[in-house]
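Chemist: The sequence and its predicted three-dimensional model are supplied below.
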Amino acid sequence: MTKSRLHKFFSPAKIVMLLVAVVLLISVNSKRLMSYGTFGDYERYPALDSVDVYLNRFSEMDVSLDRKIAYLSEAYRYTKQLKKDTVRTAKLKELRDAYRALNQLESYRAVNDDIRVFAEDMGDSLEIANTYSNSGFYYLRKGKIDSAYNNYFLAQRMFERMDSLQKAGKSMLTMAIIQKNAKDYLGGEASSVAAIELLKPSNDLKSLTSAYTNLGLISTELGRYDMALEYHDMALDGRKKMKDKALEVSSLNNIGFAHFSNQQYDKAISFYQQGLAYDSLFYIRPHTYARLLDNLAFAKFKSGETDELPDLFLRPLFIRDSIGDRLGAVTSHIHLSEYYKSVDSTSLSREQALAALNIAKPRQYHREILEALSILSESDNETTALKSSREYMHISDSLQQVERGFREQFARIRFETDSIEIENTKVTKQNRRLFIGLLGLLALFLLVYIFIQRKLNGNELKFRESQQKSNEEIYNLMLAQQLKLEEGKRLEKRRFSEELHDGVLGRLFGTRLSLDSLNNKHDDKTVETRLKYIEELKSIEQEIRQISHGLESTTFSEDVLFTEVIEQLIEIQNALDTETPNQFQFVNDYDIQWEKMPNNIKVHLYRIIQEALQNINKHAYAAHGIVRLKIEDEDIVLQIEDDGIGMEVNKVKKGIGLKNIRSRVEQMRGNLKVESKKGNGTIITVRINY
């Protein structure tokens, strides 16, 4: 194929088409791989892999809600096949977060309960506290605020005990908000203050500003408007530092509401307008925008500015209806009802109140129901007014009972927990007393043990003292023997000196004089006499050689006393009449200053060599061996090596010979190493630091 044909065949357009085809093929195959098998097909996967597969499928963007729930269900099923360890807990946490994201509260609760069981089995207090916090979230979403409060309370206590103050503060803050919503204002105020104290060390601005906001709302409800404004200002400052525009707007709305509640409508209008002026608020937070707009309309209504009304009320109502904000819509209807009532449009007022009531009742918006009934109770229609008034009183009484019940429940939860803690404290004190008693018994036992041990140590000390005395006696005997040897050498030297002085020197002197007298004579007789004197000189030379041989080994260093004893010991070893005649060499490092060595060290080394040679004679059948004394890294090293039959070190550890050697090494605070194998001889190495 020519170059032009190749260029035509692989044109740019065809190359692009080929690449597109490859990409599509890979995409199709990858989708097939990701969608491999039905739920039953994944039985072939290991459990952990299957969990990950379904969690990955759940995370895909183009999966429907029903499929996502199905994938999580399969992943949850496979987690039950995993071991009860941290891996299983981690996967369950992923599942719990996924169910929370999908608002699948029952599944969320079931997984959270499983995590708590594993955490209790593993003694993981932090995770147990987390599960209580998550249970509080579940009950709060289900509207069971007493159970929610109880779980957050348990979580907060556990977090605080573990010094996890930030989490403890968040749990306490949620409790404070629950109390505020249940109109337990004093309890909510105390809980908010406690939450702030717990949150301050972590400088968690988001939670701290929420706590200040909750205090501000409570203060507004209690009529403490100055305090409410102070708390809301603190919250606003924190949110400005966070640069969270949505939360800033919320704080502005709260400040406006505090002024509104204090009938300072102009100031309320100013803050509502500041909130509405934030850029793109309508698109980012339509709920907040509608609330501000409705509050602005109501504040203007209360202040007498009615030019823009009712249009200013209708706009937030339209927004709330369009975004499904039912609670906000109820508020808008009530505000419109009050406005129409003020302009004597009774029918329109009643219509708006009924609209509010129809939305609020099914959803149990109790406060809004009461407000709507209050308006209807003042209707011109006496029947309607009477019915609404009775219903208002009934619901109001019921709400008061419920709120009182909640306050009592919150107090009871705190009281019961405190009672349990007091009981636990008593049990702890009892356990402490029991522990102290056991410690006392243990101390008594130790005293008895120490007394017995001291007695045993005293006996051992006496034994060592007697052994030391024996060693000193042995050394003294060795020393006496060496003194005798030295005395013999001294006498021998004296004898050699006398022989040289009295014999050799006398004969040399006489021969020299005789030869001097013959210096001037040359006759035959003189020559014969000279020859006679030359023979005499030869005789003297022979006598000197004999004396020299006798003096050959008389020069020795300062350490000759100890090393000669070792040499004699080895000479005795070599002279023994055994089945296997052996020849041992002694190698001494002359850098060792034996004269500075303590006597007990010398005795121990001598006894170790003696014991080792005896063992070699009895058991080793060795033909050759070496005894070395040397210096290595400022340590004195004794090494005894033979070419005998060897031994199994582990089997002879308890032998009396090796036991004696080990005992002496320990007394010198040294190290002992025995290397041996059957048929390969033995090496004993003793290392002492001196």
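Modeler: Noted; the coordinates are in hand. Numbering: from 1, shown residues only.

Chemist: now Val587, what's its secondary structure?
Modeler: Per DSSP: H, G, I helix; E, B strand; the rest coil, the local secondary structure of Val587 is strand.

Chemist: for the one 3 residues further on, same thing?
Modeler: On the three-state scheme (three-state DSSP), Tyr590 is labelled coil.

Chemist: Against Gln156, how distant is the spatially most central residue of the chain?
Modeler: Central residue of the chain (Cα atoms, centre = their mean): Asp124, 13.5 Å from the mean position. From Asp124 across to Gln156, the span is 18 Å (Cβ to Cβ, to the nearest Å). For every residue, glycine as well, the C-beta is placed using N, CA and C.

Chemist: pLDDT of the host helix or strand of Leu439, averaged?
Modeler: Using DSSP states H and E, Leu439 falls within helix 382-498. Across helix 382-498, pLDDT averages out at 67.

Chemist: Which residues are in contact with the residue nearest to the centre of the chain?
Modeler: Residues in contact with Asp124 (Cβ atoms under 8 Å, 6 or more residues apart in numbering) are Phe118.

Chemist: So the chain: which segments form each domain?
Modeler: The record's domain parsing of the chain by automatic domain parsing lists 1-35, 402-551, 560-689.

Chemist: can you pull out the strands in the protein?
Modeler: In the chain, the strands defined using DSSP state E lie at 583-588, 624-632, 635-642, 671-676, 682-689.

Chemist: Count the residues that sit near the nearest residue to Tyr265 once chain neighbours are set aside.
Modeler: Excluding its sequence neighbours, the residue lying closest to Tyr265 (Cβ to Cβ, 6 or more residues apart in numbering) is Ser303, at 3.7 Å. Neighbours of Ser303 under the rule other Cβ atoms under 10 Å: 15.

Chemist: and what of His366?
Modeler: Per other Cβ under 10 Å, the neighbour tally for His366 reads 16.

Chemist: Surely Leu327 is in contact with Glu368?
Modeler: Yes. The pair Leu327 / Glu368 is scored as a contact, 7.3 Å apart, by Cβ atoms under 8 Å.

Chemist: Who has more neighbours out of these two?
Modeler: More crowded of Leu327 and Glu368, by other Cβ under 10 Å: Glu368, with 22 against 15.

Chemist: Tell me the spacing between Arg116 and Glu564.
Modeler: On the measure of Cβ to Cβ, Arg116 and Glu564 end up 83 Å apart.

Chemist: higher neighbour count, those two?
Modeler: A side-by-side neighbour count of Arg116 and Glu564, using other Cβ under 10 Å, places Arg116 first with 19 against 15.

Chemist: can you pull the contacts of Phe301?
Modeler: Phe301 makes contact with Leu309, Phe313, His335, Glu338, Tyr339, Ser342, according to Cβ under 8 Å, 6+ apart.

Chemist: JSON lines for the residues you listed, including neighbour count?
Modeler: As requested, the contacts of Phe301 are arranged in JSON lines below (neighbours: other Cβ atoms under 10 Å):
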{"residue": "Leu309", "neighbour count": "19"}
{"residue": "Phe313", "neighbour count": "26"}
{"residue": "His335", "neighbour count": "24"}
{"residue": "Glu338", "neighbour count": "19"}
{"residue": "Tyr339", "neighbour count": "21"}
{"residue": "Ser342", "neighbour count": "13"}
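
Chemist: and the two most separated of those residues?
Modeler: Using Cβ to Cβ, the contacts of Phe301 span at most 11.9 Å, a distance reached by Phe313 and Ser342.

Chemist: and the residue lying closest to Val665 once chain neighbours are set aside, how many residues sit next to it?
Modeler: With sequence-adjacent residues excluded and distances taken as Cβ to Cβ, 6+ apart, Val665 is closest to Leu672, at 4.3 Å. Look at Leu672: counted by other Cβ under 10 Å, it has 19 neighbours.

Chemist: ditto for the one 3 residues further on
Modeler: Per other Cβ under 10 Å, the neighbour tally for Glu675 reads 13.

Chemist: likewise Asn680?
Modeler: Neighbourhood size, Asn680 [other Cβ under 10 Å]: 13.

Chemist: same deal with Asn660?
Modeler: Per other Cβ under 10 Å, the neighbour tally for Asn660 reads 14.

Chemist: which residues sit in contact with it?
Modeler: By Cβ under 8 Å, 6+ apart, Asn660 lies in contact with Arg607, Glu611.

Chemist: ok, it to Asn295 distance?
Modeler: Look at Asn660 and Asn295: by Cβ to Cβ, they are 100 Å apart.

Chemist: now swap in Lys80 and tell me
Modeler: From Lys80 to Asn295 the distance is 51 Å (Cβ to Cβ).

Chemist: Likewise for His366?
Modeler: Distance of His366 to Asn295, computed by Cβ to Cβ: 21 Å.

Chemist: got it, and Arg662?
Modeler: As judged by Cβ to Cβ, Arg662 and Asn295 stand 93 Å apart.

Chemist: Which one of the two is surrounded by more residues?
Modeler: Taking Arg662 and Asn295 together and counting by other Cβ under 10 Å, Asn295 has the greater number of neighbours (23 against 15).

Chemist: List the contacts of the more buried one.
Modeler: Asn253, Gly256, Phe257, Phe260, Ala268, Tyr272.

Chemist: Now with 6 Å, please.
Modeler: If a contact means Cβ atoms under 6 Å, 6 or more residues apart in numbering, then Asn295 has Tyr272 as its contacts.

Chemist: and the gap between it and Asp325?
Modeler: Going from Asn295 to Asp325 by Cβ to Cβ gives 14 Å.
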